[in-house]
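**Student:** Need a 3D model of the sequence below.
(2 chains)
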Amino acid sequence: MQDQMNYLLAQAAKGRMSRREFMGRASALGVSAALAGSMLATAARAQAPVKGGTLRAGMQGGESTNTLDPALAASEVPFMVNMTWGEMLVDVAPDNTIDLRIAEEISSNADATEWKFKIRAGVEFHNGQTLTAEDVIATLRRHTDEKSQSGALGIVQGISEMTAEGDMVTLKLASGNADLPYLMADYHLVIQPGGGVDNPAAGIGAGAYKVVANEPGVRHTFERHANYWDAARIGHADSVEILVINDNTARTAALQSGQIHMMNRVDPKIVELLTGVPGVSIQKAAGRGHYVFIMHVDTAPFDNKDLRMALKLAINRQEMVEKILGGYGSVGNDFPINSAYPFFDDSIPQREYDAAKAAEHYKASGHDGSPIILRTAAGAFPGAVEAAQLFQQSAQAAGIPLEVKLEPDDGYWSDVWNVQPFCASYWGGRPVQDQMYSTAYLSTADWNDTKFKNPQFDEILIKARAELDPVKRKEEYSQLAHILRDEGGLILPMFNDFVEARREEVGGWIVDPNGELMNGKALVKCWVTA
Amino acid sequence: MHPVIKLVTQRIALGLLLLLAVSVVIFVGTEALPGDVASAILGQSATPEALANLRDSLGLNEPPLTRYLAWMGGLLTGDLGTALTNGQDIGQAIAQRMGNTLFLAVCAAAISVPLAILLGLVAARYAGRWPDKVISGITLSTISLPEFVAGYFVIYLLTQVFPVFQPVAMIFPGMTFWAKLHAVALPVIVLVLVVLAHMMRMTRAAILNVMQSAYIETAELKGLSPMAVIWRHALPNAVAPIISVVVINLAYLVVGVVVVEVVFSYNALGKYLVDHVAKRDLPVVQAVGMIFAAIYIGLNIVADVVSIVANPRLRHPK
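**Tutor:** Got it, this is the predicted structure:
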């Protein structure tokens, strides 16, 4: 009943339901009229943004090695920091549409090879400079540069020509891409004055908050940017802070004692304990991130399709979601797409644990019975060691000699992942299908961590990328999913939810599947009532 | 030359030699770490081009000996260089965190050293009787508790059950002295619990050892009270071993408290070092490693010198 009541309150407060209708439905749930009336008043008050105050987030995922250079952001705190002081051309909205930020209008030609972005007039950087189309070009150019160390290099590489004319930025692509606006929402592509070429880590952007103190691995503090272009709608608190609290217990205790207002990465094991704590509420969002076991399809014994299929059938997905994610997630189907993506085909049958069929495929593979080594580390993803052990047990029940080898966290991403033929890993997900597939499953992809090279797959992917007809595009993505699911080296047992927590004095929280803490915008979009 | 001065000079020279050896070990050790800086900085999402570019711009393609000599040269002229990962000046970053490390260590020492010596004296005075057993029992239990368990326990007790302190102990320039003290209260409590037993037991043992001597018997026979005997006659003669164990604990409070720093998110040197080890930021790891080694060796020299000076036989040789 609690859930239904909350739903009704939200609907009524947003004006999607009349007061009369709300009272009627609430009484159907057995809530007295007086109580329902006062609940409605509270909910309505909670919806109106409150200006002022200080909003604090306590986060895991920051190190003293972090920098303000947006090109080099690779962990959670730098991501959130970029999202707080920076503004991109566009954001991806929680409902997966494009939220126009610095770009005011976007248009493309018929085959999606030429894109025009109209730059909003009167957007001001923190240093008082007005943002121009040249700044946008300079920013993109810095990330595209051969010498660039940017994490967005792979994203902007497809741009063959960029020009600025007045307030119009024109990007020409080597091949058509219907999703280009989604790529421009990448968190590395913060627009900086002059592209940030002179001083990439200056922290000067056009976002809602200015950097005040930057103490990597400790805290980041910001104050409101007085001339922010969208100040009427977002940027409510006078100042916001990120405290880096990597320790789970300390972060949770800080939330409970009110030292912080919100935190990321609540340990699934303690969600139930935290649910009963007064003043604290758990927020979860079903995202696109997923935990995987990856096989190199070009290395024996994983070059054998039957052996790959045997392993795919020998993993108990449901059990993993329950035991590793504590129920905060959903089962995967060996392709990296779920219902959070547009054009997702939900008619593809779910692969289940089937020891008998796995044993058949294993026999058909003609494998010599020597141990198959699965490498894992505590840092591969939360619960990676336990997940590998569950996999080992369910595979052994099917007669597959799977063996788990524990690797140190230190150096895992340089010495094991993308090097060893079978290991545990994770992906953060991308806003659109094309980007996910192009990042890791195209033959030429930089991070093709399963060494998957399939000409037919590549061809359909490139075709779908420039396809503007949604029906055809959905069909093409469905074909890709089928190919990868049956032929690929990816074992994808589960998609993980973002599990976070906030105090009740935080208003304006929106469930966003795109990233942690409202896709990094929680400090910018929320407000504090007390 | 006076033998004391000779001994002290010898100790200092040995210390410097040791430091040089440590510098080689640190350098070789950091070189031998698996993985490299570039891939550690860029993480899972590094493209091969970005990796090659970064490796080149960080100068990782130079031979190790060249880099060692350049580093030693910088170290001797006080230039610690810049961090590879975020380009911050290492000297400045360390200076601020060093201040925080010392603040925590001094707070913990200011409480634990007098308390440990006092408890040691009481325990020696009532050796074998109930006050001795209670003091030993409690301090030995707290030292047996791993630091993070003690940390979580005080977080639970003093922020949740009795919300008097805050669990996250960050301190910043601009905070008042009292605000800083309030912020570090929990880590100080944990550190006091951890170091108390060692110093207390050593004080007790040293005093009891001296209590066997003939001059103590004389003091007792001339009618002094037991506490006065300990204070005036036993303690001055037991001071050398007590000082040396106190100094070892001080060194621990400066260089060995990274677990406590992590549990309370305290922004000091230990956490700074660990973060940079994880990212293979060698200049920072080497600089902090050398500073820790210098503090450890320096404090041990102080302990040696104090025990030499406190020993009349060494002070007045025949």
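**Student:** Could you list the residues in contact with the longest helix belonging to chain A?
**Tutor:** In chain A, assigned by DSSP state H, the helix with the most residues is helix A:470-487. Outside helix A:470-487, the residues that touch it by CB atoms under 8 Å, 6 or more residues apart in numbering or on different chains are A:178, A:297, A:305, A:309, A:333-337, A:343-345, A:347-348, A:351, A:433, A:437, A:441, A:452, A:454, A:456-457, A:460-461, A:463-464, A:467, A:490. C-beta coordinates here come from the backbone N, C-alpha and C atoms, glycine included.
**Student:** Tell me the buried residues within those residues.
**Tutor:** With burial judged by 16 or more other CB atoms under 10 Å in any protein chain shown, the buried subset of the contacts of helix A:470-487 is A:178, A:297, A:309, A:333-337, A:343, A:345, A:351, A:433, A:437, A:441, A:452, A:454, A:457, A:460-461, A:464, A:467, A:490.
**Student:** Select from the residues you listed every entry located in helices.
**Tutor:** Among the buried ones among the contacts of helix A:470-487, the members falling in helices (DSSP H) are A:309, A:433, A:437, A:457, A:460-461, A:464.
**Student:** For the stretch 51-200 of chain A, what lies in contact range of chain B?
**Tutor:** Within the stretch 51-200 of chain A, the positions near chain B by CB under 8 Å from any CB of the partner chain are A:58, A:63-67, A:72, A:74-75, A:146-151, A:153-154.
**Student:** and those, which are buried?
**Tutor:** Using 16+ other CB under 10 Å, the buried ones in these are A:58, A:63-67, A:72, A:74, A:148-151, A:153-154.
**Student:** Tell me where the stretch 101-250 of chain A is predicted with low confidence.
**Tutor:** A:146-148 (pLDDT under 70).
**Student:** can you count the residues close to B:Leu19?
**Tutor:** 15 (other CB atoms under 10 Å in any protein chain shown).
**Student:** tell me the SS of it?
**Tutor:** Under DSSP: H, G, I helix; E, B strand; the rest coil, B:Leu19 falls in the helix class.
**Student:** Next up, the contacts around it.
**Tutor:** Contacts of B:Leu19 by CB under 8 Å, 6+ apart are B:290, B:293-294, B:297.
**Student:** Whichever of these end up buried, select them in PyMOL.
**Tutor:** Those of the contacts of B:Leu19 that count as buried under 16+ other CB under 10 Å are selected in PyMOL with:
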select buried, chain B and resi 290+293+294+297
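**Student:** and of the contacts of B:Leu19, the nearest to B:Leu208?
**Tutor:** Ranked by distance to B:Leu208 (CB to CB), the contacts of B:Leu19 are led by B:Ile297 at 30.9 Å.
**Student:** thought the closest one was touching B:Ala21?
**Tutor:** No. Counting by CB atoms under 8 Å, B:Ile297 stays clear of B:Ala21, with 10.4 Å between them.
**Student:** So which residues of the stretch 1-150 of chain A form strands?
**Tutor:** Using DSSP state E, counting those that start in this stretch, the strands of the stretch 1-150 of chain A run over residues A:54-59, A:90-92, A:98-100, A:103-108, A:114-119.
**Student:** meant to ask about chain B, not that
**Tutor:** For chain B, applying DSSP state E gives no strands.
**Student:** Low-confidence ranges, it, go.
**Tutor:** Along chain B, the model assigns pLDDT under 70 to residues B:1, B:33-37, B:40-46, B:58, B:314, B:317-318.
**Student:** residues contacting the residue lying closest to A:Ser150 once chain neighbours are set aside?
**Tutor:** Of all residues not flanking A:Ser150 in the chain, A:Ala71 sits nearest, at 3.7 Å (CB to CB, 6 or more residues apart in numbering or on different chains). By CB under 8 Å, 6+ apart, the contact set of A:Ala71 is A:142-143, A:148-152, A:188, A:200.
**Student:** and if you look at A:Met309?
**Tutor:** A:358, A:361, A:486.
**Student:** Distance of the last one relative to chain B?
**Tutor:** Read that as A:Asp486. Going from A:Asp486 to chain B by CB to the nearest CB, to the nearest Å gives 26 Å.
**Student:** give me every residue that touches residue 136.
**Tutor:** Since you didn't name a chain, this refers to chain A. Listed by CB under 8 Å, 6+ apart, the contact set of A:Val136 reads A:89, A:102, A:117, A:119, A:164, A:169, A:191.
**Student:** try chain B instead
**Tutor:** B:123, B:200-201, B:204.
**Student:** Residue 111 - nearest residue in space that isn't next to it in sequence?
**Tutor:** Using chain A here. Nearest to A:Asp111 is A:Gly176, by CB to CB, 6+ apart, at 4.6 Å.
**Student:** not quite, I wanted chain B
**Tutor:** Nearest one to B:Ile111, counting by CB to CB, 6+ apart, is B:Val192 at 5.2 Å.
**Student:** Just confirm that neighbour contacts B:Ala108, I think it does.
**Tutor:** Yes. Using CB under 8 Å, B:Val192 is in contact with B:Ala108, at 5.7 Å.
**Student:** can you put the contacts of A:Met309 in a markdown table and add pLDDT?
**Tutor:** Conversion of these to a markdown table gives the following (pLDDT from 0 to 100):
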| residue | pLDDT |
| --- | --- |
| A:Ala358 | 95 |
| A:His361 | 96 |
| A:Asp486 | 95 |
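**Student:** Next to chain A, which bits of the stretch 101-250 of chain B? Give me the list.
**Tutor:** Residues of the stretch 101-250 of chain B lying near chain A (CB under 8 Å from any CB): B:152, B:155-156, B:159-160, B:163, B:166-168, B:170, B:172.
**Student:** Closest one to B:Glu31 out of those, please.
**Tutor:** Nearest member of those to B:Glu31, counting by CB to CB, is B:Met170, at 33.2 Å.
**Student:** Pull the contacting residues for that closest one.
**Tutor:** Counted by CB under 8 Å, 6+ apart, B:Met170 has contacts A:218-219, A:243, B:183, B:265-267.
**Student:** can you check A:Glu504 too?
**Tutor:** A:279-281.
**Student:** State the distance from A:Phe457 to chain B.
**Tutor:** Taking CB to the nearest CB as the measure, A:Phe457 and chain B are separated by 21 Å.
**Student:** Now that residue: closest residue in space, sequence neighbours ignored.
**Tutor:** A:Ile483 (5.0 Å).
**Student:** residues contacting residue 117?
**Tutor:** Using chain A. Contacts of A:Phe117 by CB under 8 Å, 6+ apart are A:89, A:103, A:105-106, A:136, A:168-171, A:184.
**Student:** should've been chain B
**Tutor:** Counting by CB under 8 Å, 6+ apart, B:Ile117 touches B:199-200, B:203, B:242.
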